[in-house]
Every structure is written in structure tokens, then in C-alpha cells.
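Asks: just the structure for this:
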Amino acid sequence: MANPQHHIPPPQSASTLFLIIFIIISPVALSSAVPNPNPNPAAGKPSAYEVLQSYSFPVGLLPKGIVGYDLDESTGKFAAYMNETCKFSLEGSYQLEYRSTIRGYISNGKLSNLEGVKVKILFLWVAIVEVRRSPDGLEFSVGIASAEFPIDNFYESPQCGCGLDCNERVGNLGIWRGTNPNSESLVESY
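Replies: Next up is the predicted model:
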């Protein structure tokens with residue numbers, strides 16, 4: 001007894017084939033998508049940077065790469081999340097470290113009880129525990145001491161690894177810190 005063969009006519013064009021494949025696999029692709037880092041996204045929820053601005057702080061207090069946050073508006077308790085710890089230098093002298101989770105309390109012009117942000121002073125890493133906004137600057141406190149910096153220094157968010165100098169040539173070596181605009185390579189250490 002011969003096996004009956006079923007004949008399926010070939011698709012009329014490559015675009016028809018693509019459409020058929022897309023229809024078949026799109027539900028699978030959508031179900032395995034990367035989860036949103038914010039487990040309870042709200043339509044139109046502002047970014048962490050926009051929230052900072054709503055409390056009279058510049059966006060540059062947080063590095064690029066914040067993937068989500070939680071904020072209890074009634075108490076000001078917050079947490080901001082990154083995928084990993086972030087380290088960078090500013091102006092060649094200040095080394096900063098942001099843990100993957102930053103916590104504290106926020107109110108207009110004040111961040112307090114901060115956890116997860118450190119600055120290197122001489123040979124010691126110390127926690128920044130409070131930030132206060134003044135008319136022209138930001139005062140950072142490490143508990144026993146504080147320092148104020150011009151607000152202009154914080155209008156841009158630093159980038160992990162290179163701070164604000166991501167496209168700066170390093171000395172006469174011809175090496176770029178960050179992304180060289182003429183190349184796809186990234187030099188993280190030199």
C-alpha cells in the first residue's frame with residue numbers, strides 16, 4: 001500500500017514566508033521576553049532621574065544605568081536599582097562607588113539615611129550619608145565632614161567606568177577612555 005503524500009503549495013514570496021514564521025514564533029518570543037526590572041510598572045511612571053528633578057535635585061546625582069526604583073511618596077523612602085555595582089572617577093580625584101541598590105529617604109532638597117554610595121577619601125572608602133541642595137550647590141555629608149560642590153557639576157549623569165570623561169583621550173598614548181567615536185572598541189582600563 002502506497003503512502004499518500006500531502007502536497008503543500010509553496011509560499012508565493014519570501015515576504016509571505018516571513019509573515020508565516022513571524023505569526024508562528026511571535027507568541028513564543030513575547031512569552032520569553034526579559035522581565036521588566038520594575039515589577040509593578042505604571043503607565044507613564046517617571047524615570048528615577050525625573051523623580052530626582054521633582055525633588056529639586058539634578059539628574060547627575062545618579063549614574064547612567066538605573067533600571068528601576070521604588071518610592072513611598074508618603075514617607076520618602078526610596079530604593080534605586082542598577083544591574084551591578086558602578087564605580088567611576090570624577091575630575092580625576094574623586095572615586096565613587098554606587099552599589100547595585102541605593103536606599104534612603106528623599107524630600108525636597110534633601111537625601112538622607114543614604115545607603116549604597118561611597119567616596120574614596122585618601123585611602124579610605126566612606127559612605128555618603130546625606131545630600132542637601134542649596135541654591136547654587138550640593139552639600140555631601142559623610143557623617144563627620146561635608147563638602148559643597150557647584151550644582152553645575154551635576155547636570156549630566158556620569159557613566160559607570162569612565163564618569164564624565166568617556167570620550168577623552170588618555171595622554172599621548174592614543175588610547176581612548178570610553179568609546180572612541182571612530183571605533184567600536186571600548187577601553188575600560190589602561
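
Asks: go ahead and name everything in contact with stretch 129-140.
Replies: 56-58, 61, 109-114, 119, 128, 141-143, 146-151, 154 (C-beta atoms under 8 Å, 6 or more residues apart in numbering). All C-beta atoms are positioned from the backbone trio N, CA, C, and that covers glycine.

Asks: can you give me the end-to-end distance of it?
Replies: 8 Å (C-alpha to C-alpha, to the nearest Å).

Asks: buried stuff in it?
Replies: Neighbour-count burial for stretch 129-140, with 16 or more other C-beta atoms under 10 Å as criterion, is recorded at 129, 130, 131, 133, 137, 138, 140.

Asks: quick check: the two most widely separated of those residues?
Replies: 129 and 137 (17.7 Å; C-beta to C-beta).

Asks: narrow the contacts of stretch 129-140 to those in strands?
Replies: 110, 111, 112, 113, 114, 119, 141, 146, 147, 148, 149, 150 (DSSP state E).

Asks: now stretch 54-70: mean pLDDT?
Replies: For stretch 54-70, the mean per-residue pLDDT is 95.

Asks: same thing with stretch 151-163?
Replies: For stretch 151-163, the mean pLDDT works out to 92.
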